[in-house]
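Q: Okay, sequence plus prediction incoming.
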Amino acid sequence: MEPVSLGERELDIMTALWTGGPGTVAEVRDRLPVTLAYNTVLTILRNLESKGLVDHHPEGRVFRYFPVVSQDAVKGNAVSRLVDKFFGGSPVSAMTHLLEHEQLGPDDLKALHAHLNNRLADMEKTQP
C-alpha cells in the first residue's frame, strides 16, 4: 500500500466504515464519535475516495460507501511512518520508548514477553 496520511476526521470515518460496514453518508455520520455536518462527511468521503481508500456503489438515490483497504493495512502504514519519523526507522527504539513511557502492567509485560519468545522461536526454526 502506498503511504497515506489520514487526518483525525478521516480516520474517524474510516473506523466507522471498518467497524460498522458500508454505509450512506447519513449512516456513517451517525456512527461518528463527533458531530459533523452532512456535507462535511460527504466531502471527507470523497477525499478518501480520491486517495483510493473508499469506494461507493449507487443504492437508489444515494451512494453506499465502503472501505477498499483493510484497517490492518492502514495501521501498518501508520506505525511504519511513526517509527520512521520519530525513531529513525528503529522498531527497537519505538518499542523501548513504549516500554519506558506507557503504563504496562504485569499481564501486559507477560503477554509481550510471550509474543517475543514466539517470534524468536519462529525465526530460529527458519534459520539454517
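A: Received it, and whenever you're ready, just let me know what you need.
Q: Going by contacts, tell me the helices and strands next to the host helix or strand of V74.
A: V74 belongs to helix 71-87 when assigned by DSSP states H and E. Helices and strands touching helix 71-87, by 3 or more CB pairs under 8 Å, 6 or more residues apart in numbering; DSSP states H and E, are helix 8-20, helix 91-101. The C-beta positions use only the backbone N, C-alpha and C, and glycine is treated the same way.
Q: Can you get me the centre-to-centre distance for the following helix or strand past the last one and its chain?
A: Looking back up the chat, that one is helix 91-101. Using DSSP H and E, the helix or strand that follows helix 91-101 towards the C-terminus is helix 106-126. Chain-centre distance of helix 106-126: 24 Å, with CA atoms, centre = their mean, to the nearest Å.
Q: Grab the CA positions of helix 106-126 and hand them over as CSV.
A: What follows is helix 106-126, C-alpha atoms only, in CSV (Å, rounded to 0.1, in the frame of the first residue of the first chain):
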residue,chain,number,x,y,z
PRO,A,106,2.4,-7.3,34.7
ASP,A,107,-0.1,-9.1,32.4
ASP,A,108,0.9,-6.7,29.6
LEU,A,109,4.6,-7.4,30.0
LYS,A,110,4.0,-11.2,30.2
ALA,A,111,2.0,-11.1,27.0
LEU,A,112,4.7,-9.1,25.3
HIS,A,113,7.3,-11.5,26.6
ALA,A,114,5.3,-14.4,25.2
HIS,A,115,5.0,-12.7,21.8
LEU,A,116,8.7,-12.0,21.7
ASN,A,117,9.6,-15.6,22.6
ASN,A,118,7.2,-17.0,20.0
ARG,A,119,8.7,-14.7,17.3
LEU,A,120,12.2,-15.7,18.3
ALA,A,121,11.3,-19.4,18.2
ASP,A,122,9.7,-19.0,14.7
MET,A,123,12.8,-17.2,13.4
GLU,A,124,15.1,-19.9,14.9
LYS,A,125,13.1,-22.6,13.1
THR,A,126,13.8,-20.9,9.7
